[in-house]
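[1] Prediction below, plus the sequence it came from.
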Amino acid sequence: MKLQMICAALCACLLSSHAFARDTVENYSVESALKSEGGKVDQDIPLYFAGQKHPGVIKSLGEFATNKKTNAFGKSDEAACQHVFLSAVLELQERARKEGGNAVINIKSNYRNSERESATEFTCGAGALIAGVALKGEVVTLKK
């Protein structure tokens, strides 16, 4: 009897873990995400996503990657993804400052090391508990 109860409890745990293992990968609007938490993204370091026109590059300081996660519990996938996207672009801006650059260009999604270039969308993976965004961008000094 005791063994049956242990087996039943173990089965329940294993079955319920699949419900939390959800990993929905979707694309979301860059523009909507940048506006989702007004004033959060700094204006001093411009962000140019893949394919967007920008002033001429004076100096490239290298390509840098971010891989941010956030708590998604009780949030819609879109809200969690927008929040973590903002964290990722803020990290790219901070890296530009650290390297002495004044912009980040050619920003692209790199979720699970699968690059996706888009000027209008980013890729996000969301589960029951965590959402994540990975970006790559080139830190540069642009002509003014």
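    Here it is on my side, so go on. Numbers count the residues shown, from 1 in each chain.
[2] what's near enough to touch Asn102?
    45-46, 96, 140-142, 144 (C-beta atoms under 8 Å, 6 or more residues apart in numbering). (Each C-beta comes from the backbone N, C-alpha and C, glycine too.)
[3] Among the residues you listed, which pair sits farthest apart?
    Using C-beta to C-beta, the pair of the contacts of Asn102 lying farthest apart is Ala96 and Lys144, separated by 14.8 Å.
[4] Give me the sheet partners of whichever strand in the chain runs longest and which way each runs.
    For the chain, the longest strand by residue count, based on DSSP state E, is strand 57-71. Strand 57-71 has its sheet partners listed here by DSSP bridges as strand 130-142 (antiparallel).
[5] quick one: Arg97 and Ala103, what's the gap?
    Applying C-beta to C-beta, to the nearest Å, the value for Arg97 to Ala103 is 11 Å.
[6] ok, these two, which is more surrounded?
    Ala103 (21 against 13; other C-beta atoms under 10 Å).
[7] Just to check, the more buried one is in contact with Gly137?
    No - if you go by C-beta atoms under 8 Å, Ala103 and Gly137 don't touch, sitting 9.3 Å apart.
[8] Find residues that contact each of those two.
    Common neighbours of Ala103 and Gly137 (C-beta under 8 Å, 6+ apart) are Leu47.
[9] those strands in the protein, which residues are they?
    24-29, 47-49, 57-71, 103-111, 114-116, 121-126, 130-142.
[10] For the residue nearest the centre of the chain, which residues are in contact?
    The centre of the chain sits closest to Val133, judged by C-alpha atoms, centre = their mean, with a distance of 2.2 Å. Counting by C-beta under 8 Å, 6+ apart, Val133 touches 66-68, 81, 84-85, 87-88, 109, 111, 122-125.
[11] what's the closest of those residues to Lys75?
    Distances from Lys75 to the contacts of Val133, taken by C-beta to C-beta, are shortest for Cys81, at 9.1 Å.
[12] What score does the closest one have for pLDDT?
    For Cys81, the model assigns a pLDDT of 98.
[13] And Cys11, by the same measure?
    Confidence for Cys11, expressed as pLDDT, is 57.
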